[in-house]
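*Asks:* Just need the structure, nothing else, for what follows:
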Amino acid sequence: MGLSESCIMSSCIKPLRQSNKTSPVVLLHCFDSSCLEWRCTYPLLEEAGLEAWAVDVLGWGFSDLETRPPCDVASKRHHLYQLWKSYMKRPMILVGPSLGASAAIDFAVHYPEAVEKLVLINPSVYAEGTGELAKLPKLVAYAGVSFLQSLPLRFYANMLAFNGIPFFTILDWTSVGRLHCLLPWWKDATVNFMLSGGYNVISQIKQVKHRTLIICGQHDQIVSYQLVVKLHSELSNAIIREVPGSGHLPHVDNPKCVAKLIADFAQGDADVDAKSQFGLPQLTALPR
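*Replies:* Residues are numbered from 1 along each chain as shown. The predicted structure is shown next:
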């Protein structure tokens, strides 16, 4: 990382087997999350014969950040590129849920040769960075980040993110989702990202030329359907598929459907009917 060529022990879930015959599928995660977000969907992708990588974005997840590297957008992008350059070395299918969609778009625009296709899940791509939070004094920023780490806030966020999930399931997913927050460098990395301004990819969206699959949950309470339709209209080569009965994180609460959609898209059959396998309504693309 950086001019010093120093290394960071980076956390990810590696595929059991690698093959040059297929494109690697690289799974990012949401804001302040980790590769554990894919624990339900990842095994299904491997069963479908995909070479899947679930990676932790720099500053989040379980990478060793004892050296406290910068965790701004440019560093996150560079870290992912180095991981790709070192281990994958061929165009990938980059999957980004929620804010991970912003990370995927930012990466695809800066390194188009490294990306074959994009999959954006309930994409949060119209926020103008961290906004006024970037102007906070450091002491106030650290106080806010401490609140972000709290169990009640994380539990409430999960109640918004999921649709019709039992209480104890949400509690379990909340505990898993905040594990990385217990690492000693988490606060420093998160404050660094917040004060750096965060992701603002609005001006980059129309630069994306890659074939793109947009997956949206039918009952997403965080990203409005109108914004999903807007993104579809601004991308030059995109289709939409809806996951019935799902909330903001369909790859967690409906992993079978999402794995099927990703596998079909990766294997070039994006228009397959998921109804036959999962008993779901027909997933149709919106008119352009």
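*Asks:* CA atoms for contacts and neighbours, from now on please.
*Replies:* Will do.
*Asks:* Pull the number of nearby residues for W38.
*Replies:* 19 (other C-alpha atoms under 10 Å).
*Asks:* ignore the last one, Q82
*Replies:* When neighbours are counted by other C-alpha under 10 Å, Q82 comes out with 14.
*Asks:* Helix or strand: which one has it?
*Replies:* helix 73-83 (DSSP states H and E).
*Asks:* quick one: buried residues of that helix?
*Replies:* V73, S75, K76, R77, H78, H79, L80, Y81 (16 or more other C-alpha atoms under 10 Å).
*Asks:* Now do the same for S124: helix, strand or coil?
*Replies:* Of the three states, S124 takes coil under DSSP: H, G, I helix; E, B strand; the rest coil.
*Asks:* which residues touch stretch 31-39?
*Replies:* Contacts with stretch 31-39, where a contact means C-alpha atoms under 8 Å, 6 or more residues apart in numbering, come from 12-13, 27-29, 54-57, 60-62, 98-100, 176-178, 180, 190, 251-252.
*Asks:* err, stretch 122-137, not the other one
*Replies:* 96-102, 141, 194-202, 214-217, 220, 223, 227-228, 248-249.
*Asks:* likewise stretch 95-111?
*Replies:* 25-31, 73, 77, 81, 94, 114-115, 118-125, 199-201, 204-205, 207-208, 248-249.
*Asks:* Just the buried ones from those?
*Replies:* Buried residues within the contacts of stretch 95-111, counting neighbours by 16+ other C-alpha under 10 Å: 25-31, 73, 77, 81, 94, 114-115, 118-125, 199-201, 205, 208, 248-249.
*Asks:* that older thread, only the buried subset of the contacts of stretch 31-39, as a ChimeraX command please.
*Replies:* The following ChimeraX line selects those of those that are buried, judged by 16+ other C-alpha under 10 Å:
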select :12,13,27,28,29,54,55,56,57,60,61,62,98,99,100,177,178,180,190,251,252
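*Asks:* Next step: the contacts of stretch 31-39 restricted to strands.
*Replies:* The strands, defined by DSSP state E, take in C12, I13, L27, A54, V55 from those.
*Asks:* I'd say the third one and W53 touch.
*Replies:* Yes. The pair L27 and W53 qualifies as a contact (C-alpha atoms under 8 Å) at a distance of 5.9 Å.
*Asks:* Go through stretch 89-103 and flag the buried ones.
*Replies:* Per 16+ other C-alpha under 10 Å, stretch 89-103 contains these buried residues: 90-103.
*Asks:* could you pull out the strands for the stretch 101-250 of the chain?
*Replies:* All strands of the stretch 101-250 of the chain, identified by DSSP state E, counting those that start in this stretch, fall at 115-121, 211-217, 238-243.
*Asks:* okay, those in a markdown table with distance to E47 next?
*Replies:* Listed next are the strands of the stretch 101-250 of the chain as a markdown table, based on distance: least, C-alpha to C-alpha, whole Å:
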| stretch | distance to E47 |
| --- | --- |
| strand 115-121 | 19 |
| strand 211-217 | 21 |
| strand 238-243 | 20 |
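*Asks:* Could I get those strands in JSON lines, plus columns for distance to V258 and mean pLDDT?
*Replies:* Putting the strands of the stretch 101-250 of the chain into JSON lines (distance: least, C-alpha to C-alpha, whole Å; pLDDT from 0 to 100) gives the following:
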{"stretch": "strand 115-121", "distance to V258": "9", "mean pLDDT": "98"}
{"stretch": "strand 211-217", "distance to V258": "8", "mean pLDDT": "97"}
{"stretch": "strand 238-243", "distance to V258": "8", "mean pLDDT": "96"}
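*Asks:* Nearest to L148, out of the ones you listed?
*Replies:* strand 115-121 (22.8 Å; C-alpha to C-alpha).
*Asks:* Could you list every helix and strand in contact with that closest one?
*Replies:* On a contact count with 3 or more C-alpha pairs under 8 Å, 6 or more residues apart in numbering; DSSP states H and E, strand 115-121 meets strand 92-97, helix 99-110, strand 211-217.
*Asks:* what angle do the first one and helix 99-110 make?
*Replies:* Here strand 92-97 runs at an angle of 150 degrees relative to helix 99-110 (axes from the mean of the first three to the mean of the last three C-alpha atoms, to 10 degrees).
*Asks:* If I take strand 92-97 and strand 115-121, what angle do their directions form?
*Replies:* 20 degrees.
*Asks:* What strands flank strand 92-97, and is each parallel or antiparallel?
*Replies:* Looking at strand 92-97 with DSSP bridges, its partner strands are strand 25-27 (parallel), strand 115-121 (parallel).
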